[in-house]
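> Have a look; sequence and predicted model below, questions after that.
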Amino acid sequence: MANAGWHLQRMMMKLAVANEPITGATRFGDIIYERIVAMIAEGKFPVNERLPAETRLAEMFGASRPVVRDALERLRTDGLVVSRKGSGSYVRQRPDSSVLTMVPVGSLADVQRFFEFRAGLEAEAAELAARNWQPADRERISAALQKIEQCLREGRLGAEEDQELHDAIAMATGNQFHVSARDLFRPHFAIGHSVTRSLSLKRTPEQIRSVQDEHAVIVEAIFARREVEAHDAMKRHILNARARMFQGV
């Protein structure tokens, strides 16, 4: 695996880019994306049914075809829509409509993009934590994991406890930039943890347990100093969390 420090530098460059203003064209595309998600969630575009053609969607939303095409590409990336060659785009799954009430209007696409960013950043953090953790870090990580377990037993949300675990892993890297990155984007991290934890409360006990099992695999790899395994387990966890946002409940 490439040097973790080099990857961290790339992540910090992305942090700087993430703070740049969003162009009007991109923002309009995000709004179209969110409106299509809403129509899928409301059943106006049923599962397994073909979406209207790009030209029709452009007319419906008063947008250009490139903007609509960009929104559809995002929907495919997020697993809501699938393309069938020569036939068009079809609805793959219907998310719970409550996901739209959990984020500020027009920001759903940004929430998904932030999960993409987190997948790289936090995978590197887990790898460095496996290499560098100290006894105090082990205590913090173990305590945070147990707090989430307590939330599961009591049926509580556990969003803050979930975030505390990821914070503890960042601290265990021994690299202040990982801690600074979490502080800089704390509201973004908070939204992601809150949305995924809120949706998990609507799912089966087995599905809820699977999320905590992912945490346990990450922590076990970190404590065993298996760097590559910790990296891969964290990346899977974040990408799974991203996918769970749009899974029906």
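All right, it came through fine.

> Relative to the whole chain's centre, how far out is stretch 205-213?
Offset of stretch 205-213 from its chain centre (Cα atoms, centre = their mean, to the nearest Å): 17 Å.

> average model confidence for it?
What stretch 205-213 shows for mean pLDDT is 88.

> Going by neighbour count, which residues in it are buried?
Ile208, Val211, Gln212 (16 or more other Cβ atoms under 10 Å). Any C-beta I mention is one placed from the backbone N, CA and C, and that applies to glycine too.

> now do stretch 184-193
Phe185, His188, Phe189, Ile191, Gly192, His193.

> Identify, from these, the entry nearest to Leu100.
Using Cβ to Cβ, Ile191 comes nearest to Leu100 of these, at 13.0 Å.

> Please report how far Glu59 lies from Pro52.
Using Cβ to Cβ, to the nearest Å, one gets 9 Å for the distance from Glu59 to Pro52.

> before we move on, what about Ala125?
Ala125 is 42 Å from Pro52, by Cβ to Cβ.

> Mind checking which of those two has more residues around it?
Ala125 (30 against 15; other Cβ atoms under 10 Å).

> Ramachandran coordinates for that one?
Phi and psi for Ala125, reported as degrees, to the nearest 10, are phi -60, psi -40.

> Leaving out chain neighbours, which residue sits closest to Phe115?
Arg242 (3.6 Å; Cβ to Cβ, 6 or more residues apart in numbering).

> burial count for that neighbour?
Neighbours around Arg242, by other Cβ under 10 Å: 22.

> Now for it: which residues touch it?
Arg242 sits next to Asp78, Gln112, Phe115, Glu116, Ala119 when contact means Cβ atoms under 8 Å, 6 or more residues apart in numbering.

> Out of the helices and strands in this protein, which is least certain?
Lowest mean confidence among the helices and strands of the chain (mean pLDDT, DSSP states H and E): helix 4-18, at a mean of 43.

> residue ranges with poor pLDDT in this structure?
1-26, 105-106, 248-249 (pLDDT under 70).

> so where do the helices sit in it?
Applying DSSP state H to the chain gives helices spanning 4-18, 24-41, 54-61, 65-77, 108-132, 135-154, 159-172, 176-184, 186-200, 205-223, 227-244.

> Now do the same contact list for Pro52.
Applying Cβ under 8 Å, 6+ apart, the residues contacting Pro52 are Met60.

> I'd like the distance between it and Val37.
Taken as Cβ to Cβ, the span from Pro52 to Val37 is 15 Å.

> now swap in Thr77 and tell me
13 Å.

> With Ile222 instead?
35 Å.

> These two: who's more crowded?
Set side by side, Ile222 and Val37 show more neighbours around Ile222, with 30 against 26, by other Cβ under 10 Å.

> from memory the more buried one sits against Trp133, does it?
Yes. Assessed by Cβ atoms under 8 Å, Ile222 is found in contact with Trp133 at 6.3 Å.

> Now list whatever residues contact both of these two.
Ile141, Ala172.

> domain parsing for this protein?
4-18+102-244, 24-99 (automatic domain parsing).
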